[in-house]
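S.K.: here are the coordinates; sequence isn't available:
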């Protein structure tokens, strides 16, 4: 009974203290967890808004300040149309000379939407019907209209270079004459280059692996197709974002390490047709992203360990005087207070019978007087 009651005291105090302190620690951790997740979400939204804003600025600048390039492209296109009316055989054309003369690359696209001739030799043989179905459908529409079209900003597939493109069908609708103008040579683009903003964001947030801007075909601005092509999983998430205009996230591999791929819809206010819609791709390390949360989680476990150790110590300290309040210090037997509690308990259980056995030692004083109190204590 001596040890059972002491253990009960310790366990009772331990459980009560653990429950009280644990509730406080858990409540604090959940609050910090919620706050950290909220801060992470706000940070991600700020990154998205920053990239969107940088793209919007350059598009607005091109719209307001770069009318000359569109006018020049239309003039050059009409010049080539006059040449076509005189000599429709493109095999006779000196495309390199025309490129130097006009300061723009020339592409001839046939009725199957294949580039048959070009001053940019790497694109000869490019089949838009196979590589870029959305663009191919748009080319068919533009061929039928016969009007002049120009896009503000698109991608050169072979180099990833940002270019401005124009399109116009020949009068017989057999071909489309396409021109391209490099934006890298454009002072406006260099002044508002959104790649600079992306690099600054990546330097500021080390858990951001990469940020890309994708056109409606899934091609990455600034990166050649040979170096970056969406995987099937990435393509599915990209198409979902493009179709629903809702942000999509997937778990994937980035350079062999687990990462989260986030796709955000961007709708341009200044561009039209295919280049109006873009998707921003943010690739980030979720483990590094949640490093603060992991730190708080570790701190929570440390707090729990400290609480348990502290409560155990307090339990043993408090249990001793509580035990002595109901037991004799020498023998460990229940004292008068314990007897009164026991009697009250038996009294409450009126249906139970109880008996008391009493032992009395006669002449015990002689033991203390003759042998000493220490031996008397031992005898007791």
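M.R.: Okay, I see it. These figures come from a predicted structure and were not determined experimentally.
S.K.: which is the next helix or strand following the helix or strand harbouring residue 238?
M.R.: Using DSSP states H and E, residue 238 sits within helix 232-244. Downstream of helix 232-244, the next assigned helix or strand under DSSP H and E is strand 248-254.
S.K.: contacting residues around that next one?
M.R.: Residues from elsewhere that reach strand 248-254, judged by CB atoms under 8 Å, 6 or more residues apart in numbering: 209-210, 231, 233-234, 237-238, 240-241, 258-263, 283. In short, each C-beta sits where N, CA and C put it, glycine included.
S.K.: which of those sits closest to residue 58?
M.R.: Closest approach to residue 58 among the contacts of strand 248-254 (CB to CB): residue 210, at 19.6 Å.
S.K.: list the buried residues for the helix holding residue 238?
M.R.: For helix 232-244, burial by neighbour count (16 or more other CB atoms under 10 Å) applies to 234, 237, 238, 240, 241, 242.
S.K.: report the contact partners of the third one.
M.R.: Yep, that's residue 238 we're talking about. 214, 218, 230, 248, 263, 279, 281.
S.K.: reformat these as TSV; add secondary structure and distance to residue 172.
M.R.: As requested, these are exported to TSV (DSSP: H, G, I helix; E, B strand; the rest coil; distance: CB to CB, whole Å):
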residue	secondary structure	distance to residue 172
214	strand	35
218	coil	33
230	coil	37
248	strand	44
263	strand	42
279	strand	37
281	strand	41
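S.K.: out of the contacts of strand 248-254, which comes closest to residue 198?
M.R.: Residue 198 lies nearest to residue 210 out of the contacts of strand 248-254, by CB to CB, at 8.6 Å.
S.K.: can you put the contacts of residue 238 in CSV and add neighbour count?
M.R.: Output for those, formatted as CSV (neighbours: other CB atoms under 10 Å):
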residue, neighbour count
214, 24
218, 19
230, 19
248, 19
263, 22
279, 23
281, 22
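S.K.: can you redo the buried residues of helix 232-244 as a markdown table with distance to residue 78 and pLDDT?
M.R.: Below are those laid out as a markdown table (distance: CB to CB, whole Å; pLDDT from 0 to 100):
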| residue | distance to residue 78 | pLDDT |
| --- | --- | --- |
| 234 | 41 | 95 |
| 237 | 43 | 96 |
| 238 | 37 | 95 |
| 240 | 42 | 95 |
| 241 | 39 | 95 |
| 242 | 34 | 90 |
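S.K.: which of the residues you listed lies closest to residue 70?
M.R.: Closest approach to residue 70 among the buried residues of helix 232-244 (CB to CB): residue 242, at 26.3 Å.
S.K.: want to throw the contacts of residue 238 into TSV with distance to residue 358 and pLDDT?
M.R.: Converted to TSV, the contacts of residue 238 look like this (distance: CB to CB, whole Å; pLDDT from 0 to 100):
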residue	distance to residue 358	pLDDT
214	94	92
218	95	89
230	92	92
248	83	95
263	86	96
279	91	93
281	88	95
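S.K.: nearest to residue 170 among those residues?
M.R.: In terms of CB to CB, no member of these lies closer to residue 170 than residue 218, at 29.8 Å.
S.K.: distance of the closest one relative to residue 44?
M.R.: Counting by CB to CB, to the nearest Å, the separation of residue 218 from residue 44 is 22 Å.
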